[in-house]
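Student: Next come a sequence and a model predicted from it.
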Amino acid sequence: MIKVLITGGQGQLAQALAHTQPKHQYLFATYQSKQALDITHIQQVKRYLQNNPINYLINCAAYTQVDHAETDQKRAYTINAIAPGYLANLAQEFNFTLLHISTDYVFEGLLAKPLIEGMTTNPVNYYGKTKLAGEQNILPYNIPAYIIRTSWLFDVLGDNFLTRLLKRSQQEKHIGMVYDQVSSPTYIQDLATTLWKIILQIHENPSLYQPGIYHYANEGVTSRYDLAWTIHKIGNLNCNIIPKHSSDFPGFANRPSYSVLDKEKIKSTFGLTIPHWQESLAYCLHNYRQ
Ligand SMILES: NC(=O)c1ccc[n+]([C@@H]2O[C@H](COP(=O)([O-])OP(=O)(O)OC[C@H]3O[C@@H](n4cnc5c(N)ncnc54)[C@H](OP(=O)(O)O)[C@@H]3O)[C@@H](O)[C@H]2O)c1
């Protein structure tokens, strides 16, 4: 039996994990909401693990409001930086494999060059700083921990670039989108499917796989403006998408200009073929309309 615990069970990625969970009789996954299991309360998580032994924990719990994190710093740091260290500590004590989700925002993003796992990090916003600290609090533990950095999650459910644009297009005629932020959009269902693949492969043959940091996003590169323009085109949205510079939105947290993640490591290690973001976007919008 493979027992998997998913924290942050009501979030977008956790919901996608539930949706894509492989139908194996030997795979048993439990999704715990923040209310049921708060990762910032180590004693609560410890009690849970004493009563419910697991083989894998996928940490989908996070403080994800990038702009609010600038002012709500203590809460963001506790959830994104301190709690992952607790989980690593518990992974050591209870002997499970930890899969933790991190972000392209750990990078400064000044170079137009795909980012490799070992490259220097230097977050430009507080959210990125907390996520980087979360990684750094996991890595010193001598445990099998896989940190998956990803970028620009989208789906037709939850609160993300796509759902926000779909909503705004019903209320606004002209929508400004920045053209000076470039990365790779990631369909949440593709990421979730990949996380299951990784768990099943590690479980099958743990000695084949090296714990550490891995990058995952859909193939292809785009700016936020081009992404919005493509959504507008495929989704027949009734609005105009206007190109804007990020300096036109002064109230927002800084974001890296170029945060395309290089995915060679995850592809070669786990034998993955990753869909292009446009293909996944078209599939996602098609399913939405159905
Ligand atoms: N969204 C993106 O574009 C993006 C990009 C790169 C990386 N990531 C990373 O991907 C991961 C998943 O993101 P997501 O978009 O699925 O996030 P999400 O939808 O915001 O889900 C996060 C979940 O964690 C819960 N949570 C917050 N504090 C918690 C705590 N102390 N204990 C337990 N649960 C807690 C939240 O509950 P409440 O909502 O009730 O607070 C929410 O249900 C995160 O690690 C995020 O940093 C996201």
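Tutor: Arrived safely.

Student: and the protein, which residues reach the ligand?
Tutor: 7-8, 10-13, 34, 38-40, 60-64, 79, 101, 103, 131, 150-153, 158, 160 (Cβ under 6 Å from any ligand atom). Where C-beta positions appear, they are placed from N, C-alpha and C, glycine not excepted.

Student: Following the chain onward from the helix or strand Y31 falls within, which element is next?
Tutor: Using DSSP states H and E, Y31 sits within strand 27-32. Counting by DSSP H and E, the next helix or strand C-terminal to strand 27-32 is helix 42-51.

Student: list the helices and strands that following helix packs on?
Tutor: helix 83-94 (3 or more Cβ pairs under 8 Å, 6 or more residues apart in numbering; DSSP states H and E).

Student: and the angle from the helix it packs on to helix 42-51?
Tutor: 30 degrees (axes from the mean of the first three to the mean of the last three Cα atoms, to 10 degrees).

Student: Could you list the buried residues of helix 83-94?
Tutor: For helix 83-94, burial by neighbour count (16 or more other Cβ atoms under 10 Å) applies to 83-91, 94.

Student: what comes into contact with that helix?
Tutor: Under the contact criterion Cβ atoms under 8 Å, 6 or more residues apart in numbering, helix 83-94 has outside partners 7, 39-40, 42, 45-46, 49, 53-54, 57, 59, 61, 96-98, 100, 134-135, 137-138, 141-145.

Student: again, only using 7 Å
Tutor: 39-40, 42, 45-46, 49, 53, 57, 59, 98, 100, 134, 137-138, 141-143, 145 (Cβ atoms under 7 Å, 6 or more residues apart in numbering).

Student: So among these, which ones count as buried?
Tutor: 39, 42, 45, 49, 57, 59, 98, 100, 134, 137-138, 141, 143, 145.

Student: quick one on the thing from earlier: the residues of the chain next to the ligand in strands, which ones?
Tutor: Among the residues of the chain next to the ligand, DSSP state E puts 7, 101, 103, 150, 153 in strands.
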